[in-house]
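S.K.: Got a predicted structure plus its sequence, pasted below:
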Amino acid sequence: MAAFAYSFQEHLMFHFAPVPDNYEYKFHGAYDNVTIENDDGHLHGVLFKSELINTAGPRPRNLVIYYKGNAGNVGDSERLAKLFLGLGYDVLSMDYRGFGKSRGPLSEEKLLDDAEKWFDWGAQRYGTQNIRVVGYSFGTTFASHVAAAKAVSNVMLFAPMRSIVDMATRRYPFLPEFLTNYPLRSDEKLKNAAGHVVIYHGTADEVVPYASGAGLQDVLGADDLFVPVEGADHYNVALRPEVQADIISRWSLRTAVRAQMSQRAVAGLSGETAR
């Protein structure tokens, strides 16, 4: 059993969904295909574009970098992206190596480096101060890594795990921890995250146990937040009305824009000038 688990751990962890290089994804909104090269990796992502914020004028656009789960491919990302598009953010979602159109050999080091390269791509175009990071399930391990490695002001995690080691111990308690080649210690990474972290985890999650995500509370900062979502499962936690309302209250750019316009109006500027 130990030999099998070690030899096939990548197939146990990753539910690969590759597509041909010429495959055309079908999305409802505006988007661009994005490709980057990282040593021996050819990486593909999609930049969904918000139609809420006018690109004219001095106001910079804002970006959410979304690290998805370990199943499907970027073709499934638009559903969650719509929430942040509606708040005024562009959304960049990408496929990991072996998924979608992304290619290259796998290792923890390479995947973490890829995650940083996607952040760097966004920082060059939007500015570090205008980027927020979101992770879902397996993608929370990469979001947590980037939160520690880069100057990310705001991080949001859905259904995170304490680490892959923790998940393996829960599922296969009879196997030694050292067998995994992908420890992906979010608990260690979040200790060093300087920005604000918000976590949502469903109490009925049967994929990533609630207890694994709740264990991250031990490493969160005093201003960070862990939000239990009663009755939510792994797949609907981000879609629950109470969660979406909370996200809107925290991250809506429309609220920030209205406040900025109000301040300028008080200073004697017209509404048109403020825009």
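M.R.: Thanks, I have it.

S.K.: in terms of contact, does L83 touch V243 like I think?
M.R.: No. Applying Cβ atoms under 8 Å, one finds L83 not in contact with V243, separated by 9.5 Å. Using the backbone N, CA and C atoms, a C-beta is placed for each residue, glycine as well.

S.K.: now the helix ranked longest in the chain: mean pLDDT?
M.R.: Longest helix in the chain by number of residues (criterion: DSSP state H): helix 108-126. Averaging pLDDT along helix 108-126 yields 97.

S.K.: Name the residues of it that are buried.
M.R.: Across helix 108-126, burial judged by 16 or more other Cβ atoms under 10 Å covers 108, 110-112, 114-115, 117-119, 121-123, 126.

S.K.: Dump those residues to CSV, plus distance to A151.
M.R.: Listed next are the buried residues of helix 108-126 as CSV, based on distance: Cβ to Cβ, whole Å:
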residue, distance to A151
E108, 23
K110, 23
L111, 21
L112, 17
D114, 19
A115, 15
K117, 16
W118, 15
F119, 10
W121, 15
G122, 12
A123, 9
Y126, 13
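
S.K.: all helices for this structure, in order.
M.R.: Using DSSP H, the helices found in the chain span residues 2-7, 9-13, 78-85, 108-126, 139-149, 164-171, 186-190, 210-214, 241-251, 253-266, 271-274.

S.K.: Now R162: phi and psi?
M.R.: phi -60, psi -40 (degrees, to the nearest 10).

S.K.: Please apply the same query to H234.
M.R.: phi -70, psi -30.

S.K.: The closest residue to D40 other than its chain neighbours: neighbour count?
M.R.: Distance criterion Cβ to Cβ, 6 or more residues apart in numbering; nearest residue to D40, sequence neighbours excluded, is G104 at 5.3 Å. By other Cβ atoms under 10 Å, the residues close to G104 number 18.

S.K.: tell me the contacts of G104?
M.R.: Neighbouring residues of G104 by Cβ atoms under 8 Å, 6 or more residues apart in numbering: N38, D40, G41, H42, L43, R97, G98, K110.
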